[in-house]
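1. Predicted model and sequence follow; I will ask about them next.
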Amino acid sequence: MTNPLAGMLKARQKEAARPALYARGMRVCGEYLAARDDRAAPPDVRLTRAVGVLAAALGAPSADPFDALLQVGERALEAGGEDGPALALGIAETATELRQRSIGAWRLRGLALDRLGRDAEALECYGRRLALQQGGDTAEAVARRIGTLRRRRECLEEAAALFPGSGPALRGLTARNTGTAAEEFAAEVRARVAEHGMGDPAVRRLLDLYGTYRRLVERSALSDPLLGGSAPIGVGGLRALVAGRTVCLVSNAAEVAGSTLGAEIDGYDLVVRCDAFRLSAEGTGRRTGLHAVSLRGDTPWEGRPWSQPAGIRLVFGDPAGAWRRATRERLVAGAQDQVGDASLRRPLSDPALLGEGAASRSDAGAGTAFTVLRLLDFLDVSPRLDLIGFDKPGRLRPAEAEWVMDRATHVDAGKMRIALR
């Protein structure tokens, strides 16, 4: 038989703890505001305003400040940076102690942990949120996110099984912060490539897993409707597409457009073009199997849409946030069948690909043609890899041209062709 006095005592204890919990929440907000610089960006202004609303609600005897507390957490996530998610987590922890059956509180806690890269804890919180209510758009979004986090863990687990000697190190990454795990995963991939070579089937599978993992870290596992209906393609998919096919990389030079090489160019299995280009059937040919572009400037998402039809569109750029936004805002629905995923956005500096140092010194400083050429050369699965229209000075940067000529197997000046295979 239930003791009503015990229930009343428990309720009074919880009520007595409420002021202390709200005071803790306000202290976390105060510490955040005191530590940050004077920021005037709209998300920071909204966060400061939300903290003020919470303070006012706490001072009104008849008000329930719980919703205002959750709003501070949501605004902290919007503010981003390194400290925004940490503030959101502090608020969410307070909220879940105040109301253990609050759907919004458990969702906020899961989102904050997710942003901080604490996948295992985020999964637990997302699970608590779904247990409280099934159905609805928010629940479906949470369920999709759970699927993404689980797939990331499965990538690490399968990678560990491929090389038993390094298995414990890879398995241990499932409990690490996502940022640290991604860096150490890349280091393991690089070590296995150096040890066994690209021809090893286990290495190829490891690269596929790493590409999937990177895509899942930087973007949802599901196809993004903002990608214009295009399917993502990673390192493994690109390697499979290029394998055994003849490839030519075509310059945008006027000499090519004014030539009669069009039919010969279209005769290659895969025709690669870069940045902004124009087609003429007689000179440049009509086909574009792969189009590569590089993001430049502080706001690369403001450029012209990529409307030229292409089988695959590769977008090179860093940082990840600018790359995601530009990819989503500049793609045109139906203009491409596949889009390179996050594993292909910086091939020159990525440790799992060429790994030539920081992106600021390699990818960002290289021309688009040279970047895609190096990627295709690194994959090393095409029996013929030719450059057309790059034989004149100025088409490539001096260091790039030197790299090409050091590896050229044949130069045909009459057809403006440099063969690397």
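-> Thanks, I have it.
2. With adjacent residues omitted, what lies nearest to residue 316?
-> Using CB to CB, 6 or more residues apart in numbering and skipping residues adjacent in sequence, the residue nearest residue 316 is residue 294, 4.6 Å away. Placement of C-beta: from N, CA and C, glycine included.
3. Residue 259 too?
-> Counting by CB to CB, 6+ apart, residue 259 lies nearest to residue 283, which is 4.9 Å off, once chain neighbours are set aside.
4. and the one you found, how far is that from residue 307?
-> Counting by CB to CB, to the nearest Å, the gap from residue 283 to residue 307 is 21 Å.
5. neighbour count winner among those two?
-> Under the criterion of other CB atoms under 10 Å, the comparison of residue 283 against residue 307 puts residue 283 first, with 19 against 13.
6. Touching, the more buried one and residue 263? I think so.
-> No. With contact defined as CB atoms under 8 Å, residue 283 does not count as touching residue 263 (10.3 Å).
7. For the residue nearest to residue 259, give me its contacts.
-> Contact analysis of residue 283 by CB atoms under 8 Å, 6 or more residues apart in numbering lists 256-262.
8. now, among the residues you listed, which is nearest to residue 177?
-> residue 256 (48.7 Å; CB to CB).
9. got the contact list for the helix or strand the closest one falls within?
-> Using DSSP states H and E, residue 256 sits within helix 254-257. Outside of helix 254-257, the residues within contact range by CB under 8 Å, 6+ apart are 250, 278, 280, 283-284, 388-389, 392, 416.
10. Give the buried residues for the next helix or strand after that helix.
-> Per DSSP H and E, the first helix or strand lying C-terminal to helix 254-257 is helix 262-266. Buried residues in helix 262-266, counting neighbours by 16 or more other CB atoms under 10 Å, are found at 262, 265.
11. Tell me which helix or strand comes right after helix 262-266.
-> Sequence order places strand 270-274 as the next helix or strand after helix 262-266, per DSSP H and E.
12. Just want the angle from the very next helix or strand once past that following strand to strand 270-274.
-> Going down the chain from strand 270-274, the next helix or strand is strand 290-294, by DSSP H and E. Inter-element angle recorded for strand 290-294 and strand 270-274: 20 degrees (by axes from the mean of the first three to the mean of the last three CA atoms, to 10 degrees).
13. Remind me what strand 290-294 packs against, helices and strands.
-> With contacts taken as 3 or more CB pairs under 8 Å, 6 or more residues apart in numbering; DSSP states H and E, strand 290-294 sits against strand 270-274, strand 310-316, helix 368-379.
14. can I get those in a markdown table with distance to residue 230?
-> Output for the helices and strands packed on strand 290-294, formatted as a markdown table (distance: least, CB to CB, whole Å):
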| stretch | distance to residue 230 |
| --- | --- |
| strand 270-274 | 17 |
| strand 310-316 | 8 |
| helix 368-379 | 18 |
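15. Determine which of the ones you listed approaches residue 28 most closely.
-> Comparing the helices and strands packed on strand 290-294 by their distance to residue 28 (CB to CB), the top pick is strand 310-316, with 38.9 Å.
16. Dump the C-alpha coordinates for that closest one into CSV.
-> Taking C-alpha atoms only, strand 310-316 is exported to CSV below (Å, rounded to 0.1, in the frame of the first residue of the first chain):
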residue,chain,number,x,y,z
ALA,A,310,27.9,16.5,-65.0
GLY,A,311,27.9,13.0,-63.9
ILE,A,312,29.9,13.8,-60.7
ARG,A,313,30.5,17.1,-59.1
LEU,A,314,33.5,17.4,-56.7
VAL,A,315,33.7,20.4,-54.5
PHE,A,316,37.0,21.2,-52.9
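17. please begin residue numbering at 27 from this point
-> Fine by me, first position is 27 from now on; the one you just mentioned is strand 336-342.
18. and it, which strands flank it?
-> strand 316-320 (parallel), strand 362-366 (parallel) (DSSP bridges).
19. And the next helix or strand past it?
-> For strand 336-342, the following helix or strand on the C-terminal side (DSSP H and E) is helix 346-356.
20. How far does that following helix sit from its chain's centre?
-> Relative to the centre of its chain, helix 346-356 is centred 9 Å away, using CA atoms, centre = their mean, to the nearest Å.
21. tell me which residues in it are buried?
-> Buried residues in helix 346-356, counting neighbours by 16+ other CB under 10 Å, are found at 348-354, 356.
22. thinking again about what came up before, and the contacts of residue 309 as TSV, adding distance to residue 71?
-> Below are these laid out as TSV (distance: CB to CB, whole Å):
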residue	distance to residue 71
282	52
283	51
284	56
285	57
286	61
287	57
288	56
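23. Buried only: go through those residues for me.
-> 282-283, 285, 287-288.
24. Tell me the one of those residues nearest residue 381?
-> For these, the minimum distance to residue 381 (CB to CB) is 32.3 Å, reached by residue 282.
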